[in-house]
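# sequence? don't have it. structure:
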């Protein structure tokens, strides 16, 4: 199954040289699950010619806000709606989670709760999953028809399921602890409050359920439609 990675942001150069960029992280996350990958740098206006060019789509994270004025955002929203109409499966992570919601009629804002950083627990129904987080924007109002399938007290709409055509998650299963630690050093100071950075650093190294979420993503892409 060919998955098209729609890249909407970049890892800091000082980190990507050693740990790879966002598409590399998703390839590692989903390695061995029967997928091949093709990357489109939509942040540079490199878009697929058709929603049928790949068997499924994955939208990455980004340091940008979905409500900001960037040239790639309107065509990306249009692409999301086309994928929905064609029932081509779509997965969104962090920025991807938010842009899918916005494109389909939801509302995304910068949360007054501030930043979620580092290992964070989410309730997926009766299941508890710990994933790395790095965000302060949130889906405040899901689109009509979206099912909330994960949440916590900080992020009410932490994962959304849109029938059989879209599955989106606010957290970052592709971010390993070493990368999150690097973000704390490179993008955190002066942006994320010091006490929140310290608390997140203390949680690094605890058991992480990224592999379990990778299985959920694989199952979503592979389910019969």
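Perfect, thanks for sending it. What you see is a predicted model, and the numbers here were worked out from it, not measured in a lab.

# ramachandran angles for the residue nearest in space to the middle of the chain?
By Cα atoms, centre = their mean, the chain has its centre lying nearest to residue 93, at 1.1 Å. Dihedral pair for residue 93: phi -120, psi 130, per degrees, to the nearest 10.

# was I right to think it contacts residue 60?
Yes: at 6.2 Å, residue 93 and residue 60 qualify as touching, with contact defined as Cβ atoms under 8 Å. Backbone N, C-alpha and C define where each C-beta goes, glycine included.

# partners of the residue nearest to the centre of the chain in the sheet?
Per DSSP bridges, the residues bridged to residue 93 are residue 169.

# now do the contacts for it.
Applying Cβ atoms under 8 Å, 6 or more residues apart in numbering, we find residue 93 in contact with 26, 58, 59, 60, 61, 168, 169, 171, 172, 173, 174.

# next structured bit after the worst-scoring helix or strand of the chain on mean pLDDT?
Using mean pLDDT, DSSP states H and E, the weakest-scoring helix or strand in the chain turns out to be helix 13-19, at a mean of 91. Sequence-wise, the next helix or strand downstream of helix 13-19 (DSSP states H and E) is helix 22-29.

# for that next one, buried residues please.
Buried residues in helix 22-29, counted by 16 or more other Cβ atoms under 10 Å: 22, 23, 24, 25, 26, 27, 29.

# list the contacts of that helix.
In contact with helix 22-29 (Cβ under 8 Å, 6+ apart) are residues 5, 7, 9-11, 19-20, 37, 39, 58, 60-61, 93, 173-176, 179, 210, 214, 217.

# what about 10 Å?
Residues outside helix 22-29 that contact it (Cβ atoms under 10 Å, 6 or more residues apart in numbering): 3, 5-11, 16, 19-20, 35-41, 58, 60-62, 91, 93-95, 172-176, 179, 210-211, 213-214, 217-218.

# any chance of the buried residues of helix 22-29 in TSV, plus distance to residue 149?
Formatted as TSV, these follow (distance: Cβ to Cβ, whole Å):
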residue	distance to residue 149
22	23
23	25
24	27
25	23
26	20
27	25
29	19
